[in-house]
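Engineer: Can you look at this prediction? I've put the sequence above it.
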2 protein chains.
Amino acid sequence: MSRKPTTGSEPSGSSTSGSSAAVASQRVADHLRAAILSGELRPGARIMQEQVAAQLGASRLPVREALRILAAEGLTVVKSNSGAWVSRMDMAECEGVYKIRERLEPLALSESVPNLTPEQVAELETIARQIELTADVDRFLALDRRLHLLTYAGCRVAQITTMVDRFWNTTQHYRRAFARLAGDSGWELIHAEHRLIIEAIKRADTVDAERFLTGHIRRTRLELAQHPELFTEDDHDSDHAAD
Amino acid sequence: MSRKPTTGSEPSGSSTSGSSAAVASQRVADHLRAAILSGELRPGARIMQEQVAAQLGASRLPVREALRILAAEGLTVVKSNSGAWVSRMDMAECEGVYKIRERLEPLALSESVPNLTPEQVAELETIARQIELTADVDRFLALDRRLHLLTYAGCRVAQITTMVDRFWNTTQHYRRAFARLAGDSGWELIHAEHRLIIEAIKRADTVDAERFLTGHIRRTRLELAQHPELFTEDDHDSDHAAD
DNA sequence: GTCGCAGCGAATGGATCCATAGCCAATACC
DNA sequence: GGTATTGGCTATGGATCCATTCGCTGCGAC
């Protein structure tokens, strides 16, 4: 149906806008991305083109392009004449992503720190406090994501922030699974790391900020390596797509 | 039985040089990627869907998907209801990519060094010698690319090598422009850095290898920053796509 | 003379239709 | 009774056709 496209003055909706994108491909991609990140579509879940098309009231063509876009982002895999699935990582791949993040995010942080406003720094502390008071896993995930991405908000290099966002997206599901089995001592360490990172940011000390952030990611990677069971959960079909 | 098709949709495939991808989208993407990397399509050049479609004997649909793929790789930009162009970087963006490479490629190298075979190391030295004997810019570019990517050949983490490949692709044109105006002393430094990197690789010393590689990329970035004229060359249309 | 608006053309985005390649199951043969 | 082959079904890939939108050009008004 010809839904009035609202003629967005500036299309340029560069990812994660979530709202009405001018082009259907982006809208479908945003929808699927949100579904994957929220856990509604789990790794390994089959994505049927016409099912998604019918659900969103579009034809299969935008869905196809959206699947290409998401595949390029690493969120889906598309096999010729076979179908599309939500990307599933094995432990080695996930460790690889963490190794990349270990190098990349400190760079993002260094590029960001000099440009952070006092208001943003204050918000960092607020979020950190909220995280320490949070017991709910989903809320922790959302806050943790907001915290870290906010520390990178001053990064002027779009390439870096784009990549950082992508890796946070591709590992979202495994972070959720990982957060579920963290013990109290694990939370304490995370809180300590967050405090140290924020304190270094307040001092505009990029060296220390990088150091603590590297340690934060590295420690998470090493912990992750001790839980291979996170990657063995067979998801088989799950076409019901509900949780 | 033995008919194993295995026409895997390998994104950013290692250039099978035959351009015989099973799916047309990939074939078109490979063709356009090669055209961009070879310099046939320069940054800022307009890419017309039906022109490419006619040239490759396909319909516009695979071309559209190919443009999405290349856009995700950073090689093209697509504007809604407007068209597609070869990505053009300003100096800040190019510096950003170099900053990323400065962090990422040492990681790729560290992951690769323990897995490099003696034959590969020997080939590294051969390529380095060839580079030192080369005066031709295009030949230098090809050899330099082969050299560095070969140093990363042992990296088992596909995510890393994929990204490294992508960044080498997106900066290919600027590397070419940059190489054209390098003086003799510049070449000497490059050769020295290559020798040091390879020597460290031979010793399986990942720390030194990372150190020299970081310096290599960083120095290139700083040199690049002194040549803003590389990014001001207006290319306007260039639909003839010849050089 | 310059700015603005309207109309036209061309290129892209989207939808529908057809061909093809896997996958599964049923059947026939060993 | 088991296995292999074949046939049908389904979902994706590709092509063509239509709608939309952006840009350009020409004309008119200030």
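Structural biologist: Great, that's in hand. Numbers count the residues shown, from 1 in each chain, chains lettered A, B, ... in the order given.

Engineer: element containing the residue nearest to the spatial centre of chain A, please.
Structural biologist: Centroid-nearest residue in chain A: residue A:169, 2.5 Å away (criterion: CA atoms, centre = their mean). Here residue A:169 sits within helix A:158-170, counting by DSSP states H and E.

Engineer: got the buried residues for that helix?
Structural biologist: Residues of helix A:158-170 classed as buried by neighbour count (16 or more other CB atoms under 10 Å in any protein chain shown): A:159, A:160, A:161, A:163, A:164, A:165, A:166, A:167, A:168, A:169, A:170. (C-beta placed from N, C-alpha, C; glycine too.)

Engineer: you'd agree the fourth one is up against residue A:104?
Structural biologist: Yep, that's residue A:163 we're talking about. Yes - assessed by CB atoms under 8 Å, residue A:163 is found in contact with residue A:104 at 6.2 Å.

Engineer: what do those two both touch?
Structural biologist: Residues touching both residue A:163 and residue A:104 (CB atoms under 8 Å, 6 or more residues apart in numbering or on different chains) are residue B:100.

Engineer: can I see the domain layout of chain A?
Structural biologist: A:24-86, A:91-230 (automatic domain parsing).

Engineer: Any chance of those in JSON lines with distance to residue B:97 as columns?
Structural biologist: Formatted as JSON lines, the domains of chain A follow (distance: least, CB to CB, whole Å):
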{"stretch": "domain A:24-86", "distance to residue B:97": "17"}
{"stretch": "domain A:91-230", "distance to residue B:97": "6"}
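
Engineer: Please name whichever of those is nearest to DNA strand C.
Structural biologist: Closest to DNA strand C of the domains of chain A is domain A:24-86 (CB to the nearest atom of the strand; 3.0 Å).

Engineer: Can you give me the end-to-end span of that closest one?
Structural biologist: Using CA to CA, to the nearest Å, the end-to-end distance of domain A:24-86 comes out at 20 Å.

Engineer: so, in contact with chain B or not, that domain?
Structural biologist: Yes - counting by CB under 8 Å from any CB of the partner chain, chain B is contacted by domain A:24-86 at A:25, A:61, A:64-65, A:68-69, A:71-74, A:78-80.

Engineer: Name the SS class of residue A:42, please.
Structural biologist: coil (DSSP: H, G, I helix; E, B strand; the rest coil).

Engineer: Next, give phi and psi for it.
Structural biologist: Note on residue A:42: backbone dihedrals following degrees, to the nearest 10 are phi -90, psi 160.

Engineer: Now do the helix holding residue A:169: everything it contacts.
Structural biologist: A:15-16, A:33, A:36-37, A:73-75, A:87, A:89, A:97, A:100-101, A:104-105, A:107-108, A:111, A:145, A:148-149, A:152, A:155, B:74, B:93, B:96-97, B:99-100, B:163.

Engineer: swap the cut-off to 7 Å and go again
Structural biologist: A:15-16, A:37, A:73-75, A:87, A:97, A:100-101, A:104-105, A:107-108, A:111, A:145, A:152, A:155, B:93, B:96-97, B:100 (CB atoms under 7 Å, 6 or more residues apart in numbering or on different chains).

Engineer: Residue A:181 - nearest residue in space that isn't next to it in sequence?
Structural biologist: Nearest residue to residue A:181 in three dimensions, chain neighbours excluded: residue A:227, at 6.8 Å (CB to CB, 6 or more residues apart in numbering or on different chains).

Engineer: now residue A:94
Structural biologist: Per CB to CB, 6+ apart, closest to residue A:94 is residue A:174, 5.4 Å.

Engineer: Quickly find the element holding the one you found.
Structural biologist: Per DSSP H and E, residue A:174 falls inside helix A:172-180.

Engineer: So residue A:178 sits against residue A:226, correct?
Structural biologist: No - at 10.5 Å, residue A:178 does not count as touching residue A:226 under the criterion of CB atoms under 7 Å.

Engineer: In chain A, where's the longest helix?
Structural biologist: helix A:91-112 (DSSP state H).

Engineer: any idea of the angle the helix or strand following it forms with helix A:91-112?
Structural biologist: Using DSSP H and E, the helix or strand that follows helix A:91-112 towards the C-terminus is helix A:118-132. Here the directions of helix A:118-132 and helix A:91-112 differ by 150 degrees (axes from the mean of the first three to the mean of the last three CA atoms, to 10 degrees).

Engineer: What's the local residue count around the residue nearest to residue A:94?
Structural biologist: 21 (other CB atoms under 10 Å in any protein chain shown).

Engineer: can you check the one 5 residues further on too?
Structural biologist: By other CB under 10 Å, the residues close to residue A:179 number 17.

Engineer: which residues touch it?
Structural biologist: A:137, A:140, A:141.

Engineer: got a list of what the first one touches?
Structural biologist: Residues in contact with residue A:137, defined by CB under 7 Å, 6+ apart, are A:176, A:179, A:180.

Engineer: try 10 Å
Structural biologist: Contacts of residue A:137 were listed using CB atoms under 10 Å, 6 or more residues apart in numbering or on different chains, and they are A:175, A:176, A:177, A:178, A:179, A:180, A:181, A:182.

Engineer: go on, residue A:126?
Structural biologist: Applying CB under 10 Å, 6+ apart, the residues near residue A:126 are A:143, A:147.

Engineer: how far away is it from chain B?
Structural biologist: Distance, residue A:126 to chain B, by CB to the nearest CB, to the nearest Å: 30 Å.

Engineer: Look up the pLDDT of that residue for me, please.
Structural biologist: Here the pLDDT value assigned to residue A:126 is 98.

Engineer: Residue A:99 now?
Structural biologist: Reported pLDDT for residue A:99: 97.

Engineer: Quick check, it in contact with residue B:106.
Structural biologist: No - using CB atoms under 10 Å, residue A:99 is not in contact with residue B:106; the gap is 11.4 Å.

Engineer: give me the residue from chain A nearest DNA strand D.
Structural biologist: Nearest residue of chain A to DNA strand D (CB to the nearest atom of the strand) works out as residue A:49 at 3.6 Å.

Engineer: ok, now how distant is that residue from residue A:61?
Structural biologist: 9 Å (CB to CB, to the nearest Å).
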